[in-house]
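**Q** coords below, sequence missing:
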Ligand code: G3P
C-alpha cells in the first residue's frame, strides 16, 4: 500500500520523506489555508515546493466547478511539475474533466467520494485515483471502511486500474484496516504514519538490550 501524507505543511512532508516511506502528497484548499497559503500565485509556488521535496505524486485541487474552468486550471497545474496529479471534485463536470485529462495521459484524483456509485463513475472516466473520505463517513455514523471494501469488490470484478486512495484517514487503525481491505493508497496526517511506530514492548525491549550491552562496557 502506498503512503501519501495529507498536508500542505512542508516540515511534516520533509519528516515523512526523511523516513523513506513516503510515496506522495495530497492537499486541498482547506489544508493550504491551514498553512496560511492563499492566493493563486502562492498556492502554485507551494505545489512546486512540495514536488521538490517528494519523489511521488502530488495532488493539486482545482477550485472551478465547471468543465471549462477545471480544464483551464488543471492544465496550468499540470504544467507546474510532472509529479502533479489533477484533483477534481466528484460532480458531473468533474467526471467530464477527469475523462478529458485521462484521455490526454494526465493523472487525476477524483475527490469527495462517499459512495460506491461515485467511485464507479470515476473509474469509468479513467481516474488514476479515487478518494473515498472514510473519516467523514465515520463522523456521521456511517462505516467509512465498508466503502473501501465495496469499491475494492467492484473494481476487482471488472479489473479497473483506478487506484483506491483512502482519504480522510484520521488515525493508525484506519491505516491498518485500509491495508487489510486492499486499499491501494492511504493518505493521512503525519500522526497516522508515525503512530504506526509505537509499541511499548519495542520501547522496553530496546531499553533492556541497551542496558545489557552497557553492562559489559
Ligand atoms: O484527504 C482528504 C482530507 O483532507 C479530508 O480529511 O480529516 O478533513 O476529513 P478530513
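**A** Received, thanks. Since the structure is predicted, the reported quantities are computational estimates derived from the model, not experimental observations.

**Q** does the most centrally placed residue in the chain count as helix, strand or coil?
**A** Among the residues of the chain, the one closest to the centroid is residue 187, at 3.7 Å (C-alpha atoms, centre = their mean). Secondary structure, DSSP: H, G, I helix; E, B strand; the rest coil: residue 187 is strand.

**Q** what does the chain put close to the ligand?
**A** Taking C-beta under 6 Å from any ligand atom, the part of the chain that reaches the ligand is made up of 6, 26, 28, 31, 133, 135, 136, 167, 168, 170, 187. Where you see a C-beta, it was placed from the backbone N, CA and C, and this is true even at glycine.

**Q** just the buried ones from those residues?
**A** Among the residues of the chain next to the ligand, those that count as buried by neighbour count (16 or more other C-beta atoms under 10 Å) are 6, 26, 28, 31, 133, 135, 167, 168, 170, 187.

**Q** list the contacts of the second one.
**A** Read it as residue 26. 4, 5, 6, 58, 59, 87, 109, 131, 165, 167, 187 (C-beta atoms under 8 Å, 6 or more residues apart in numbering).

**Q** ranges for the helices of the protein?
**A** Across the chain, reading from the start of the chain, the helices by DSSP state H fall at 10-19, 29-34, 40-53, 67-80, 92-103, 116-124, 134-139, 144-158, 172-181, 190-194, 200-215.
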